[in-house]
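> Generate coordinates for the sequence data below:
(chains A and B)
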Number of protein chains: 2
Amino acid sequence: MKKGRVTLPAQEGMDEEIKQIVKRWGADAVRDSDGTKIPDVIKQAADKVYSKYFFTRGDQEFAKANLDELQHMFIMSEPVTATEEEIKIPILKGYFKEQLKPDTDHDPKKWWQVIDRTTGEVVSCDKWEYLEQTEEVLVKSAKLWHRYTVNVLVYQLWDPVHMYNHITNDWTTEHQMPYDPRYPKTRAYILERLRTWLDEHPDTDVVRITTFFYNFTLVFNDVREEKYVDWFGYGATVSPRALEAFEKEKGYALTAEDFVDEGYYNSPFRMPKRAFLDWIDFQSKFVSELAKECVDIIHSYGKEAMMFLGDHWAGTEPYGKYFKNIGLDAVVGSVGDGTTLRMIADIPHVGYHEGRFLPYFFPDTFNEHNNPVIEANQNWLQSRRAILRKPIQRMGYGGYLSLALDFPDFVDRVEEITDEFREMHDHVKNTAPYVAPFKVAILNSWGGQRKWMSHHVHHAIWYKQCYSYYGILEALSGLPFEVEFISFEDIKADGISDDIGVIINAGEARTSWVGDDYWKDPEVVEKIRAFVQCGGGFIGVGEPTSHEHQGAFFQLSDVLGVQKEIGFSLSKDKYNDHQIENHFILEDQVAAINYGESTRYVYQASEAATVLDIEADDIKLATHTFGDGRAAYLAGLPYSPENARLLKRILYWTASKENVFHEWHTTNIYTECAAYPEAGTFVIINNAYEEQVTQVTKPDGTVLDVTLAPMGYQWFEI
Amino acid sequence: MKKGRVTLPAQEGMDEEIKQIVKRWGADAVRDSDGTKIPDVIKQAADKVYSKYFFTRGDQEFAKANLDELQHMFIMSEPVTATEEEIKIPILKGYFKEQLKPDTDHDPKKWWQVIDRTTGEVVSCDKWEYLEQTEEVLVKSAKLWHRYTVNVLVYQLWDPVHMYNHITNDWTTEHQMPYDPRYPKTRAYILERLRTWLDEHPDTDVVRITTFFYNFTLVFNDVREEKYVDWFGYGATVSPRALEAFEKEKGYALTAEDFVDEGYYNSPFRMPKRAFLDWIDFQSKFVSELAKECVDIIHSYGKEAMMFLGDHWAGTEPYGKYFKNIGLDAVVGSVGDGTTLRMIADIPHVGYHEGRFLPYFFPDTFNEHNNPVIEANQNWLQSRRAILRKPIQRMGYGGYLSLALDFPDFVDRVEEITDEFREMHDHVKNTAPYVAPFKVAILNSWGGQRKWMSHHVHHAIWYKQCYSYYGILEALSGLPFEVEFISFEDIKADGISDDIGVIINAGEARTSWVGDDYWKDPEVVEKIRAFVQCGGGFIGVGEPTSHEHQGAFFQLSDVLGVQKEIGFSLSKDKYNDHQIENHFILEDQVAAINYGESTRYVYQASEAATVLDIEADDIKLATHTFGDGRAAYLAGLPYSPENARLLKRILYWTASKENVFHEWHTTNIYTECAAYPEAGTFVIINNAYEEQVTQVTKPDGTVLDVTLAPMGYQWFEI
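Just a heads-up that it's a prediction; the model follows:
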């Protein structure tokens, strides 16, 4: 059994057990977690020691001495309907008062806003007062029956990740307050404290930066439950000082409403607004500059700087334009599935990538009512196929090892997984896998700035409104295609690159993932129509290209061959009559296709469309040709091995590349093949929990029969 | 067995059979149909003879001699995507050339339009040519990859109802062409022809006007199937002459696009535009004036004028402001269900109402593969409960009696139905039924102008997108409530009347039935909030009050207590935690509620909301209080006896009138009671196909046990 590529969470009081696990899992690095320390004896057993480091929390003395430099946030009060002309709005109703506190050090009349949500008008400052005693805003001449909200600037009294860990684990420690390096005193302090800490941690090899400076948005409610979470949020990055600097740099001022955004807080599902994009740019520049200074200091101590991706990455977006300046050695992130694996593995400008696998060793999973092996298997099956496409170099686990050790089956299974992970690297030898001879582009409003992040609220968590689209990413994360993420602005500025074979547009109407009013931008539809006409492929999922305009809801119904009835054309008779059952796309389907939440009221808009699947008169799957190109429509695509295969076929068909479909293709839908021509090796994996028999076709046409154990794999030489 | 109140369709060649049927069904009137004549001997057997009369078709000689006075229509060509700078658009592609012909007598450059549907711009006239030979429009400098359509003024070569009857019955007669009385020659001619016809029909008692002048919109496609049908359409009422008169009268000109409406043709599901409302007004005034002239002539011959409602009522809308001027004696309409029954029965300003029941005696129903009794029973059960609310005075059937006589069970069943119908009138004695002590108002963009017509495409035909809302009307048609239809403009102008207890807003986002951007009109929401606050009830079904604005999709989420997630607030945690199982509203439900197409992603927006039903985290039924008033949300309400009961309970609850709910209430959900205090009588009906046992509570609290035969009924004295 070999050793390496694996990081273990260590803790005090179980030295012997840890040594055993280090051996069994082949760990070459150990790490601490929020609330744990690594004993010296364990440090010596590992090649590398990772130490977590928090820049903007952890020193309560400093925080308490500088309460005016705590981090801020803009929040919106719950709306109040005016039943009288004088109304009082309790600004923190429903919020967690241990987390947030109104900032009255800065003039509320300047930084807060009262908005009439019935009209959208900002209420003039002389018409309201803040009643500090009761934490209410008094609106003095409200319009009867209008709804009012208050945008409030608050201090963060509790670092949200510390709060989450604290509440989840029933800690009783002091609440850590986050301080803001936008303020010179804090900035100077965190740099100085970093040096001190580095001085005091000679054993540390890798500084695991479990935050740079600003957290993603996480807000709790008055019963200590999650109220709002946005992995991509910048709500927690504001401050009067930053806002003033923004105005100076960008030439215009932002208001609270630019962040509150009607209560939607610039969710990534919103069409991104100029002000928000400018703010991301502004804060990313600031964060990357200070982060670089920190990383340089770490390097000056001969240590590596590794950023944890996930909690505190506001301003350090790894696909943003300033990320490369930071000079990180590595990124580590939580691997929830294939998509999040790729989100980590595709990050440019770092030396290596590490995945922290699930389950996290926390009591919500490791308890007598649960079998953690189930989650471990699912996590591994979904991420393994993505690793074979784009490897991470290291893996690891997090939390309290003591909890995991109570589950021997889990320890056994992780031993197998870590061995399999190392074996992959031995075979692949840093070479690239075989991919189809065309690129696949996901088209949305964020494009390459947020690669592998579409339809994502946070941490690969399942959302009813997302899974039917997120499944496209999850399928692609392990399919043999090079995947690009392009934005409408990319298309407008640069057109569509020649190497793109197929464009996918997926999601619900109005969202940034579909693109909303970009679809009435002539430049966008002109370029996409030209692309398909000249042989390109286009796949629409859900409500693709949707924006009600000039008699069409799907703007590219001429390309897709289908349209959605939104109630205005019921008078028009629909004849979904060109239905067929046999098609290249359907060749592997043996059961009804699962479209997830699906889409209804889609009908055949072109006589030339071919309906491949229809339920209760709603088209679920259809194809169409447009010029020399091809298009397909799908009502939804949750991830499953069956649907990954379906998507693979749709991609080859829309790209008009069926002729090379069979290269390195496996017949059994539950198996997949990854080939590494340069390394002269290929692997067949079994994505199912049962034994599978499959055939794989090599490029020379020869066919190999393979039998794989449940969740198994087998490596071959080409 | 009594006689009266029944009209029979008669035809030649079966005199003896008809006499028998006249006796068995108690018919006191006979009528002809499109394509039949009444023999003299039959005329003598009836008290009254109805003769159909077509004003604007039937005289082919006149039509042929005046081809320039044929009726017109605006149509939109199929869109063509420009793959070159010169494109040719086949203007009649997909249309039925036996029905329509481009009008080139009037300058196409003046009356037609070429529109760039990518931008919405009208293409300047010098940039396109009509190629008459090939019926194409040549666009000379099209923008590449834009979509273009042509709005074309066409002549109608075939009266659509004649076309429908002709094709359905495989007739071989000449195609009847419709002529337009907007032209003075035709106008003079139809008046003269009416007099001649009246002279020639001394036996006729009732002139059954099977059209006034303009048809609803019915367009066929190139394979002789229905392409477009709009019962409420004014597409077939246009002409250059009328458009010029409109400009003179209203002070502004309309273009083809005002009618084509991006290809939606002003469907009643569209938010009505000023231009379209002005056109309805303009044409209704013209039609009513000429119709009055015709009716006066009919009266001068001592005959009655009865209008058939349904096919040719463009301009004679019975709830429009000019209808009363026409001076009709009666209206007859097709009864598809309770809703269409009420649509007929509620018509003001006529002496009596007649319902033509289903099935129509046409070969599509009366054939060896079908049992027409099934449709007759369903039709009777749904309309009976509505008749008990608002009676029609007469009933009848249509089509070819010869077809019906081949089905003895059908003849038997109609004998029972006609007896039951007469018995009702004997008991009710023209008195009003007991109703709840509050009115129910349906709020939509059309209001009282289109009573009982919401969510209706044509003729009570089932549409997947409609039935979950249409069911509200169908339930109400037979429930003990006075129902009003109010518009947003009514509310803005006059407020909400004191006698209204509950307002219902139902339908899908964007449609006229919900009201779209009326919901961001402060006046509307102010008045409704005030109404509920002061004790009013509000019921939302589907996507009520929906218009994305200022952070809310359901604008009245504060009233309804629920909101719909449209993707922008996924980051917000949803706690649908106030769920209960026992509630006044649910007391009669024994099985899962059927919400039809239902609505998804609805969540609890107020802590005070009570969730009565939830499926897969989507709220399906909830209640909420707002001030002194109450609100309820429902995901959909297709018609069924169960759902009619559910709605009855929701109405009493939201009106805060549970205390009087039990008056004349039946315990068994499949039975209903109608009481006529003034006549001292009440009836219990069985809406099911099986025997039912029920109890009814009289206002004095006494309870009566009743057992009813399948579909049965029983009358009692109070």
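> mind listing the helices for the stretch 551-700 of chain A?
For the stretch 551-700 of chain A, the helices defined by DSSP state H, counting those that start in this stretch occupy A:557-560, A:641-654.
> how about those helices in JSON lines, adding distance to B:Ile614, mean pLDDT and mean neighbour count?
In short, each C-beta sits where N, CA and C put it, glycine included. Converted to JSON lines, the helices of the stretch 551-700 of chain A look like this (distance: least, Cβ to Cβ, whole Å; pLDDT from 0 to 100; neighbours: other Cβ atoms under 10 Å in any protein chain shown):
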{"stretch": "helix A:557-560", "distance to B:Ile614": "34", "mean pLDDT": "98", "mean neighbour count": "27"}
{"stretch": "helix A:641-654", "distance to B:Ile614": "28", "mean pLDDT": "98", "mean neighbour count": "23"}
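> Which one of those lies nearest to chain B?
Closest to chain B of the helices of the stretch 551-700 of chain A, according to Cβ to the nearest Cβ: helix A:557-560, at 4.9 Å.
> Return the distance of the closest one from the chain's centre.
Distance of helix A:557-560 from the chain centroid (Cα atoms, centre = their mean, to the nearest Å) equals 30 Å.
> possible to save the helices of the stretch 551-700 of chain A as TSV with distance to B:Met76?
TSV is the format used below for the helices of the stretch 551-700 of chain A (distance: least, Cβ to Cβ, whole Å):
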stretch	distance to B:Met76
helix A:557-560	15
helix A:641-654	30
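> Which one of the ones you listed lies nearest to B:Pro184?
Minimum separation from B:Pro184 across these (Cβ to Cβ) falls at helix A:557-560, 44.5 Å.
> Packing partners of the closest one?
helix A:522-533, strand A:537-542, strand A:618-626, strand A:629-634 (3 or more Cβ pairs under 8 Å, 6 or more residues apart in numbering or on different chains; DSSP states H and E).
> residues making contact with the second one?
With Cβ atoms under 8 Å, 6 or more residues apart in numbering or on different chains as the test, strand A:537-542 has contacts from A:468-469, A:472, A:501-508, A:514, A:528, A:531-532, A:554, A:556, A:559-560, A:599, A:626, A:629-637, A:650-651, A:653-656.
> do the first one as well
Contacting residues not belonging to helix A:522-533 are listed as A:488, A:491-492, A:495-496, A:500, A:503, A:515, A:518-519, A:538, A:545, A:555-556, A:558-559, A:626-631, B:81, B:83, B:118-119, B:143-146 [Cβ under 8 Å, 6+ apart].
> Mind checking which of these are buried?
Buried subset of those (neighbour count, 16 or more other Cβ atoms under 10 Å in any protein chain shown): A:488, A:491, A:496, A:500, A:503, A:515, A:518-519, A:538, A:545, A:555-556, A:558-559, A:626-627, A:629-631, B:81, B:118, B:143, B:145-146.
> Can you give me every residue that contacts the closest residue to chain B within the stretch 201-350 of chain A?
Closest approach between the stretch 201-350 of chain A and chain B, counting by Cβ to the nearest Cβ: A:Glu262, at 3.3 Å. Neighbour list for A:Glu262: A:Arg117, B:Gln550, B:Gly551 [criterion: Cβ under 8 Å, 6+ apart].
> Which of those sits closest to A:Lys52?
For those, the closest approach to A:Lys52 (Cβ to Cβ) belongs to B:Gly551, at 37.7 Å.
> Would you confirm that the closest one contacts A:Glu257?
No: applying Cβ atoms under 8 Å as the test, B:Gly551 and A:Glu257 come out as separate, 10.4 Å apart.
> circling back to that earlier point, right, so of the helices of the stretch 551-700 of chain A, which gets closest to A:Thr431?
Of all these, it is helix A:641-654 that lies closest to A:Thr431, at 21.9 Å by Cβ to Cβ.
> All set now, cheers.
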